[in-house]
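> Quick one, fold the following:
(2 chains)
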Amino acid sequence: MRQKILFLTLCALLFSTTPCFPQPKNEFSISAGFSQLKDEFNQGLVYNGPQISVQYQRNWLFEKWELRYKPKFACGLLFNRKMDVSNINFVPVDFSGIVTVFQKDGHTFRVGLNLATNYSYQMYSSQHMSNLFWYSEVGIAPCVEYTYQWKQSKIKLFVQNSLAGFVSRTESIGHYFYSFKFADFFVRPHQNMKFGSFDKYNHTNVSIEYFPNVSKKHSIVLGVAYIDYYFSKRFQTLNYYLQWKISF
Amino acid sequence: MEDIILKIKLFAVIIFCICLTSCLKEDKLKLPFESYVPKQLNDGWELSTPAQEGINEAELKKIYKYYHESKDLWQVRSLLVFRNNKLVAESYAKNPDEITQTVPMWSCTKQVTGLLTGIAIEQGIIDDMNDNLQKYLPEEIARYPNKGAITIQNLLKMESGIAFENSGFNGESNQLLRELHDNSLEFILGLPISFAPGEDFYYNDADPHIISAILQRRTSKTMRDWAKEVLFTKVNFQNYTWVTYKDGITMGSFGISSTPREMAKIGHLVLNKGSWNGEQIVNSTWIEEMTSSKVSVEKTKSWGKSFGYQWWVDERRGVFFMAGKGGQYVFIKPSKNLVMVTTADPNDEYMFEMDTALDIFDRIDKITTN
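Purely as a prediction, here's the structure:
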């Protein structure tokens, strides 16, 4: 009952503020990067390869705070020796609420909280036949953002690190029979979700964004995203990327 | 302003250095070699030393060091050497617990199916190797009459002609592994024929599975249960699992998970011509037939080895062997009373190849007295 009341209150708050929303700002970005994947199921092998992603971002700007929604889809094809793994990453829900805490002489310091659902799937065509491996995360993460603007240029440093959430990860693979159905992509990442914090996983995002000219609509981001799940079979991914953003 | 730009540049350099140094590093893929002295497990194996059984210890140590340290052999897991029915050396390259942990032996299952066929013939469960499927599976053959002429011998020699593809995501083997069909036998018999039975060799997972279905039909037991009764219990083969398809038919081509020590028991039964501790479990004539070349190298083509009744034969080396996907092998050389078991991580692209494993066997063979 309490959960229902909380949910309805949140909805009421959200919808009551909607009419006050200023014109939202939209951004679209594409990125290319170098990705690494290490999984205890592979006995220490590290797969390396390219990863590309597309991301949409919608920002609602208020006086001192900002609400962001940025779903993402990424895919990569990584290799080790002659073996490959397809890595798909899907972030359907990614909300951040960010508030300005300091602003003076071009320096802006902001803090916020992110709520995101992150699904990633790995398919090893050689090493594990076509067993579906997954890592899923529904969690909250505090973030800080520092921006400095001089003349028409701007630079933004963004750091976000997971705090707590629910995570699910492939725990075992069958010796012979296995399942690979479309429904598995939805069902499995929601099975055996465990609540935890730094005892189970760590997810870090760090990026630097450069706006050559704030009056124009382009920016370039250099970033790194790192996931380390260490509760049972350890799983790590590291992705360095260069992103091009356009706002409209 | 210049000061700020300098700071930004410095910051970018620091970030770049962090990126360079924070890449994920590959772990050591194998354990360093420590010892090949086997452990006493009370699993039925009598232990001995290489020297006592006529194997050069210093040279054997070099082979084990190579096995553990060679970067080319990153996928290998275990190497065991037996001579005169005794375990003389063993080592586990990735996880010492695999001494008792079962791992998939993949197509080594086929060789067990070959042994069980011999027992079935001996017991009159299968009347004659030249009998065709019409006799044993009349209902199914009524639906798929083009398979009626396939004989038991065709199945044993991988010569049924059924167009069954072992590899690929949509290959028939993968369809069985994903249990996409309700009835595995109907699925196999419903496939087209690519050549007349006996005309050619085509290594596939369908033929041994049909044998499993026939044995189940004739014994009214799954091949797994029947094997336990007539074979496994008698040779003290205990630490294993054997999977059964959802229609209740034991997988005849793959499906056994076991340990290298246990697989060696099957190897020794064959080495000793079907006899175990004085009891004749499989007819010695069958063992000779099963492990002699029935399909020549010319016919097996790229496999490069002859094929008996579900057993691989290397005539040049005087060796016959079990072989499973990704590098699971049991090599048997009767002339020297020598058996080598080796296992590896199964993967399709970077396999522990048959010839690479045989090279290691050759090295051990060379340092073994006659």
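> the helices in the stretch 201-350 of chain B, which residues?
Applying DSSP state H, counting those that start in this stretch to the stretch 201-350 of chain B gives helices spanning B:206-219, B:223-227, B:260-271, B:284-290, B:297-300.
> Tell me which of the ones you listed sits nearest to B:A51.
B:A51 lies closest, by Cβ to Cβ, to one member of the helices of the stretch 201-350 of chain B: helix B:260-271, at 20.3 Å. Bear in mind the C-beta positions are built from the backbone N, C-alpha and C, glycine included.
> mean confidence score for the closest one?
Throughout helix B:260-271, pLDDT has a mean value of 98.
> near chain B, which residues of chain A?
Within chain A, the positions near chain B by Cβ under 8 Å from any Cβ of the partner chain are A:36-38, A:43-46, A:81-84, A:125-127, A:129-130, A:148, A:150, A:155, A:175-180, A:208, A:222, A:224, A:236, A:238, A:240.
> what sits against whichever residue of chain B sits closest to chain A?
Nearest residue of chain B to chain A: B:D27, at 2.8 Å (Cβ to the nearest Cβ). Shown in contact with B:D27 (Cβ atoms under 8 Å, 6 or more residues apart in numbering or on different chains): A:Q43, A:G44.
> got JSON lines for the helices of the stretch 201-350 of chain B, with distance to A:K104 and mean neighbour count too?
Formatted as JSON lines, the helices of the stretch 201-350 of chain B follow (distance: least, Cβ to Cβ, whole Å; neighbours: other Cβ atoms under 10 Å in any protein chain shown):
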{"stretch": "helix B:206-219", "distance to A:K104": "76", "mean neighbour count": "24"}
{"stretch": "helix B:223-227", "distance to A:K104": "76", "mean neighbour count": "22"}
{"stretch": "helix B:260-271", "distance to A:K104": "70", "mean neighbour count": "23"}
{"stretch": "helix B:284-290", "distance to A:K104": "87", "mean neighbour count": "18"}
{"stretch": "helix B:297-300", "distance to A:K104": "80", "mean neighbour count": "15"}
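> Now distance to chain A too, for those helices, in TSV please.
Converted to TSV, the helices of the stretch 201-350 of chain B look like this (distance: least, Cβ to the nearest Cβ, whole Å):
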stretch	distance to chain A
helix B:206-219	13
helix B:223-227	13
helix B:260-271	15
helix B:284-290	25
helix B:297-300	24
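> could the ones you listed go into JSON lines alongside distance to A:S197?
Formatted as JSON lines, these follow (distance: least, Cβ to Cβ, whole Å):
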{"stretch": "helix B:206-219", "distance to A:S197": "49"}
{"stretch": "helix B:223-227", "distance to A:S197": "45"}
{"stretch": "helix B:260-271", "distance to A:S197": "42"}
{"stretch": "helix B:284-290", "distance to A:S197": "59"}
{"stretch": "helix B:297-300", "distance to A:S197": "58"}
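> what residue ranges in chain B score low on pLDDT?
Applying pLDDT under 70 to chain B flags residues B:1-12, B:14-21, B:348-349.
> Recalculate using a threshold of 50.
When the per-residue scores of chain B are filtered using pLDDT under 50, no range remains.
> can you give me the strands for it?
Per DSSP state E, chain B carries strands over the ranges B:76-83, B:86-92, B:103-104, B:240-242, B:256-258, B:275-276, B:279-280, B:306-307, B:312-314, B:319-324, B:328-333, B:338-344.
> What of chain A?
Using DSSP E, the strands found in chain A span residues A:25-39, A:46-61, A:65-69, A:72-80, A:83-104, A:107-124, A:127-130, A:132-150, A:153-161, A:164-169, A:194-196, A:201-211, A:218-229, A:235-247.
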